[in-house]
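> How does the following fold in three dimensions:
(one chain, ligands or ions: 1)
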Amino acid sequence: MDEPEHVRTTRDAYDVVATDYAEMLHGALDAQPLDRALLHTFAELVRDAGGGPVLDVGCGPGRITAYLHGLAVDVSGADLSLAMVREAQRRVPALHFEVAALTALDVPDASLAGLVAWYSIIHTPPAELPAAFAEFARVVRPHGQLLLAFQATTTTTAEAVQLERPYGHDVELTAYRLPTEQVVADLSAAGMTVTARLVREPTGSERTPQAYLLAERD
Ligand SMILES: C[S@@+](CC[C@H](N)C(=O)[O-])C[C@H]1O[C@@H](n2cnc3c(N)ncnc32)[C@H](O)[C@@H]1O
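Prediction:
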């Protein structure tokens, strides 16, 4: 099946960097109390609504999946990169991980209590995000919860950045810094209402503000 060039290059890149990415990000949440607070809030909202399956989309090595599991969330993971899925399965053997693209999740309509996309929309060209959000809206049940994290730009237009030797490898990988308002508008157009937004300043090696959106399926 034909697939967009950016999907192929993103998969190829993450297949190469998977192990080093997993090592470099291991334990990173320990130093990110705001990130943890949002994951706790998301977990509480899902549990208070009666629980149910949650999908961590673009789960990478499963660090966020594992964290949500520790918060009593019934969570599994999906990722474009087979190497990442294998890394996640090895690191978090108790949970289920599978290969899937953001735009083609192997999940029935309205079957999820929640969906997390933690820095996984960042490699999708902004013009194609509405297709991903339509897929998110398809799989999350009415009043289900969504949590997104991404690098934000302070301008009104998205900014494409060619990452230089990402995670120590000579691979081609483009990331997009996104205007928070545009992402809010795209989510809304797809049938998800943003209930909370947080933009925090960069810390450590981060170069841009980091945006987090909590949304509810209409
Ligand atoms: C920056 S990593 C984040 C991984 C994980 N969420 C975390 O926070 O550690 C981006 C991940 O999103 C995945 N990804 C990127 N584009 C994707 C797409 N179109 N469909 C599914 N996964 C995608 C990549 O393979 C990679 O594992």
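
> most residues in a single helix of the chain, which one?
Criterion DSSP state H: the longest helix present in the chain is helix 5-25.

> Buried residues, it. List them.
7, 10, 11, 12, 13, 14, 16, 17, 18, 21, 22 (16 or more other CB atoms under 10 Å). From N, CA and C alone the C-beta is placed, and that goes for glycine too.

> Can you verify my assumption that the second one contacts residue 79?
No - Residue 10 lies out of contact with residue 79 (CB atoms under 8 Å); the separation is 10.4 Å.

> Could you show which parts of this structure are in contact with the ligand?
For the chain, the residues in contact with the ligand under the definition CB under 6 Å from any ligand atom are 7, 10, 14, 25, 58-60, 63-64, 79-81, 84, 101-102, 118-120, 123-124.

> The same query, at a cut-off of 8 Å, please.
Taking CB under 8 Å from any ligand atom, the part of the chain that reaches the ligand is made up of 6-7, 10-11, 13-14, 18, 21, 25, 28, 56-64, 78-81, 84, 100-103, 116-124, 132, 149, 175.

> Grab the nearest non-local neighbour of the closest residue to the ligand within the chain.
For the chain, the residue closest to the ligand is residue 60, as judged by CB to the nearest ligand atom, at 2.6 Å. With CB to CB, 6 or more residues apart in numbering as the criterion, residue 60 has its nearest non-adjacent residue at 5.2 Å, and that residue is residue 84.

> any idea how far that neighbour is from residue 54?
Between residue 84 and residue 54 the distance is 18 Å, computed by CB to CB, to the nearest Å.

> My reading is that the residue nearest to residue 60 lies in a helix. Confirm?
Yes - when classified by DSSP: H, G, I helix; E, B strand; the rest coil, residue 84 is found to be part of a helix.

> List the residues that contact it.
14, 15, 18, 21, 59, 60, 61 (CB atoms under 8 Å, 6 or more residues apart in numbering).

> So for it, what pLDDT did the model give?
In the prediction, the pLDDT value recorded for residue 84 is 98.

> same deal with residue 1?
pLDDT for residue 1: 58.

> can you check residue 205 too?
Residue 205 is assigned 85 on the pLDDT scale.

> Looking at the protein, which strand is longest?
Longest strand in the chain, counting residues (DSSP state E): strand 140-153.

> Only alpha carbons, please: show that one as CSV.
Output in CSV follows, covering the C-alpha atoms of strand 140-153 (Å, rounded to 0.1, in the frame of the first residue of the first chain):
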residue,chain,number,x,y,z
VAL,A,140,-12.5,7.3,21.3
ARG,A,141,-16.0,6.9,22.8
PRO,A,142,-18.2,10.0,23.5
HIS,A,143,-16.9,11.8,26.6
GLY,A,144,-13.7,9.8,26.4
GLN,A,145,-10.4,11.5,27.3
LEU,A,146,-7.5,12.5,25.1
LEU,A,147,-4.0,13.8,26.2
LEU,A,148,-1.6,15.2,23.7
ALA,A,149,2.0,16.5,24.3
PHE,A,150,4.1,18.3,21.6
GLN,A,151,6.7,21.0,21.2
ALA,A,152,5.0,24.4,20.8
THR,A,153,5.9,27.4,18.7
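
> What residues of it count as buried?
140, 141, 144, 145, 146, 147, 148, 149, 150, 151, 152, 153.

> which ones are touching residue 117?
Under the criterion of CB under 8 Å, 6+ apart, the contact partners of residue 117 comprise 57, 58, 102, 136, 146, 147, 148, 149.
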